[in-house]
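Trainee: 3D model of this:
(2 chains)
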2 protein chains.
Amino acid sequence: MIHVGVDIGGTGIQTGVVDDNGKMLAETSIITRVDLSFPEQVGQIVQSVRDVLAKAGYATDDLQSVGVGIPGIADKKTGVIINCNNLGWRHAPFRQEFQKHLDMPVYLENDANVAALAESYFGVSAGTSSSVFITLGTGVGSGIIINGKVWTGYHGIGGELGHTILEIDGIPCTCGNDGCTERYCSATAIIWLARQYLQMHPDSLIMDMIGGNLTKINAKIVFDAAKELDPTAAKIVQFYIKCLARTIANVVNFFDPEVIVLGGGVSKAGDYLLDNIMRIYPDFVLFNELPMPEVKIAKLGPEAGIIGAAMLKE
Amino acid sequence: MIHVGVDIGGTGIQTGVVDDNGKMLAETSIITRVDLSFPEQVGQIVQSVRDVLAKAGYATDDLQSVGVGIPGIADKKTGVIINCNNLGWRHAPFRQEFQKHLDMPVYLENDANVAALAESYFGVSAGTSSSVFITLGTGVGSGIIINGKVWTGYHGIGGELGHTILEIDGIPCTCGNDGCTERYCSATAIIWLARQYLQMHPDSLIMDMIGGNLTKINAKIVFDAAKELDPTAAKIVQFYIKCLARTIANVVNFFDPEVIVLGGGVSKAGDYLLDNIMRIYPDFVLFNELPMPEVKIAKLGPEAGIIGAAMLKE
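Mentor: Numbers count the residues shown, from 1 in each chain, chains lettered A, B, ... in the order given. Have a look, this model is predicted:
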């Protein structure tokens, strides 16, 4: 059987046909249209599902389920999207609207959870009994997988590591609170920190790499400069790594999954990031004489959103 | 069938006979003797098991299992206590030593996890599918229960909420790290804070209540003074409650159990503590328009250690 996964983002919506082995058979994308009404938006998504099925050479009868990853929160029982800021959806009856066009099982899940699921099915956490996936991007998302299933808690509001507090009265967060982990461990945190540092150290290699244009800073540039031993970049990366190490240790001290997977923009720093994290994070773990979770870099890349969504079940 | 639970503490060891309904049939206690050798200590514990069985009118043949709660960490598969500072045990083969005297199933578990289990069997979290128990005592312990079983993670090092970091480079902790949750949410934290405040505000009601003897401060006195609207006590309690609210929100944002249970010395503040926590903690939860975990005060009291230990299984 085949499944369709839909990865809804703030700028684009990716749809793909995926087989039981996680193989992507066809893929398509449309631009997110926040100017459309909710029924029109859903109509667009249904059309993209039909298109990608045709592209893969399948009929809707071949389709077992449609899974949808959203940058927000949904009530999985009712299929209602509770809140999805990027698309302006609040209490939007997605499943009901979708099934007016295509009568088949529709599953909804947060996008970080969906990526976590994809990695646990076909990525670096495949075969593990528990894993925590952490996306280090614009924000910090996370997904907990226990025995092959997404754990979002009893009320469905868990898995939000990015908004656990890492510092009392710390850096103000977009969520309204202060000191959220997201403010210290996202790619945005590195960029924010780099901008502060560059004001004091305009001689940094980072400045050359961005041609003096501060809007061009990204996490990769800062890591690259640190690899070339630029002292300013080294300081930024050192602070960042210590914050991320604390966050990973928090997950281990509380939950201790078999594996921790890092995804998102910052994870592109690869082994350089991993080596530093694996060196430092055990210092923050209470029982650090015992074996502890290995930290790995996600391997599925941007397609994880589609593949994980396609794997969603009841 | 009956079970024996052993609750090992730094000053005393409580042993009890418990039936399948969590009813305590007999109880005994001995003083913790750190001056004895490990085999002698275990011999003492075996004797207390025999004594309490006799007291309840049972023979060892009636006994299904012996469960032991320790203030430390054990390898549940091998029955070896990895680390139990209060008793000076490191890599101590408890089960093996115990079974030399009494050949029956011996289960080991951390004491906070054991109390969490007791509450989930017979206390305020009975009948829930998931709960997190937090003890607010000398330190901060915690136990995660999923579907009636203790969750300590894949490597057995989880459930240590007290040593997750709540403040980057915050108050130094006994574990060697800085800013651990335990430094902000334990009874010790309240006492420490009260001592600082009383130096500046010796006119506080707290000072009257302790007769000027700073060693007499405890969490209850500070809460009692706050209830009587002493401004110094109110400030201490306000700071404490905000720290505990953040900690509870951290558990909810990440794990979202059905119920959160508070135990330990501070929980004796009862409804006064609960009302304040329930008022403030949702502010720190990301999806706080949705239902979220209720926070309850543990009801089993000091016997939870014995009862939970008695309920331990493979």
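Trainee: so the residue lying farthest from the centre of chain A, which state does it fall into?
Mentor: In chain A, the residue that sits farthest from the middle, by Cα atoms, centre = their mean, is A:Asp203; the gap is 34.0 Å. Assigned with DSSP: H, G, I helix; E, B strand; the rest coil, A:Asp203 falls in the coil class.
Trainee: quick check: phi and psi on it?
Mentor: phi -80, psi 0 (degrees, to the nearest 10).
Trainee: with A:Ile81 instead?
Mentor: Dihedral angles (degrees, to the nearest 10) for A:Ile81: phi -80, psi 120.
Trainee: run a quick neighbour tally on it.
Mentor: By the criterion of other Cβ atoms under 10 Å in any protein chain shown, A:Ile81 has 24 neighbours. All C-beta atoms are positioned from the backbone trio N, CA, C, and that covers glycine.
Trainee: same deal with A:Val80?
Mentor: 18.
Trainee: correct me, but it touches A:Glu97?
Mentor: No. Counting by Cβ atoms under 8 Å, A:Val80 does not reach A:Glu97; the two are 10.0 Å apart.
Trainee: so for the residue in the stretch 201-314 of chain A that chain B sits nearest to, what's the nearest residue that isn't a sequence neighbour?
Mentor: Proximity of the stretch 201-314 of chain A to chain B (Cβ to the nearest Cβ) peaks at A:Asp256, 2.2 Å away. In this structure, A:Asp256 finds its nearest non-sequential neighbour in B:Gly153, 2.2 Å apart by Cβ to Cβ, 6 or more residues apart in numbering or on different chains.
Trainee: residue contacts, that neighbour?
Mentor: Contact analysis of B:Gly153 by Cβ atoms under 8 Å, 6 or more residues apart in numbering or on different chains lists A:Ser130, A:Val252, A:Phe255, A:Asp256, A:Pro257, B:Gly159.
Trainee: which one (most neighbours) among the residues you listed?
Mentor: Neighbour-wise, these (other Cβ under 10 Å) top out at A:Val252, 30 neighbours.
Trainee: let's verify it: helix, strand, or coil?
Mentor: Looking at A:Val252 with three-state DSSP, the answer is helix.
Trainee: how about it, what does it touch?
Mentor: Applying Cβ under 8 Å, 6+ apart to A:Val252 gives the contacts A:Ile260, A:Tyr281, A:Val285, A:Met292, A:Pro293, B:Gly153, B:Ile157, B:Gly158.
Trainee: right, and the first one touches A:Ser130 too?
Mentor: Right, the one you point to is A:Ile260. No. A:Ile260 is not in contact with A:Ser130 according to Cβ under 8 Å; the separation is 10.1 Å.
Trainee: other SSEs contacting whatever helix or strand A:Glu27 lives in?
Mentor: Per DSSP states H and E: A:Glu27 is located in strand A:24-31. Strand A:24-31 is packed against strand A:12-19, helix A:38-56, helix A:304-310, with contacts defined by 3 or more Cβ pairs under 8 Å, 6 or more residues apart in numbering or on different chains; DSSP states H and E.
Trainee: hmm, back to that, generate JSON lines for the contacts of B:Gly153, with pLDDT and secondary structure as supplementary columns.
Mentor: Listed next are the contacts of B:Gly153 as JSON lines, based on pLDDT from 0 to 100; DSSP: H, G, I helix; E, B strand; the rest coil:
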{"residue": "A:Ser130", "pLDDT": "98", "secondary structure": "strand"}
{"residue": "A:Val252", "pLDDT": "98", "secondary structure": "helix"}
{"residue": "A:Phe255", "pLDDT": "98", "secondary structure": "coil"}
{"residue": "A:Asp256", "pLDDT": "98", "secondary structure": "coil"}
{"residue": "A:Pro257", "pLDDT": "98", "secondary structure": "coil"}
{"residue": "B:Gly159", "pLDDT": "96", "secondary structure": "coil"}
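Trainee: which of the contacts of A:Val252 fall in helices?
Mentor: Applying DSSP state H to the contacts of A:Val252, no entry is found in helices.
Trainee: which of those residues lies closest to B:Tyr272?
Mentor: Set against B:Tyr272, the nearest of those by Cβ to Cβ is B:Gly158 (30.9 Å).
Trainee: OK, contacts around the closest residue to that closest one other than its chain neighbours?
Mentor: Nearest residue to B:Gly158 in three dimensions, chain neighbours excluded: A:Asp256, at 3.1 Å (Cβ to Cβ, 6+ apart). Applying Cβ under 8 Å, 6+ apart, we find A:Asp256 in contact with A:Met292, A:Pro293, B:Thr152, B:Gly153, B:Tyr154, B:His155, B:Gly156, B:Ile157, B:Gly158, B:Gly159.
Trainee: ok, back up a step: quick one: contacts of the strand holding A:Glu27?
Mentor: Counting by Cβ under 8 Å, 6+ apart, A:2, A:11-19, A:44-45, A:48, A:51-53, A:55-58, A:303, A:306-307 sit against strand A:24-31.
Trainee: okay, now the sheet partners of that strand, with direction.
Mentor: The pairing partners recorded for strand A:24-31 under DSSP bridges are strand A:12-19 (antiparallel).
Trainee: report the mean per-residue pLDDT for the partner strand.
Mentor: Strand A:12-19 shows an average pLDDT of 96 in the prediction.
Trainee: would you mark the buried spots in that strand?
Mentor: Residues A:Ile13, A:Gln14, A:Thr15, A:Gly16, A:Val17, A:Val18 are the ones in strand A:12-19 that count as buried (16 or more other Cβ atoms under 10 Å in any protein chain shown).
Trainee: and the third one, bridged to which residues?
Mentor: Beta-bridge pairing of A:Thr15 under DSSP bridges involves A:Val6, A:Thr28.
Trainee: now for it: which residues touch it?
Mentor: If a contact means Cβ under 8 Å, 6+ apart, then A:Thr15 has A:4-7, A:27-30, A:45, A:48-49, A:51-52, A:306 as its contacts.
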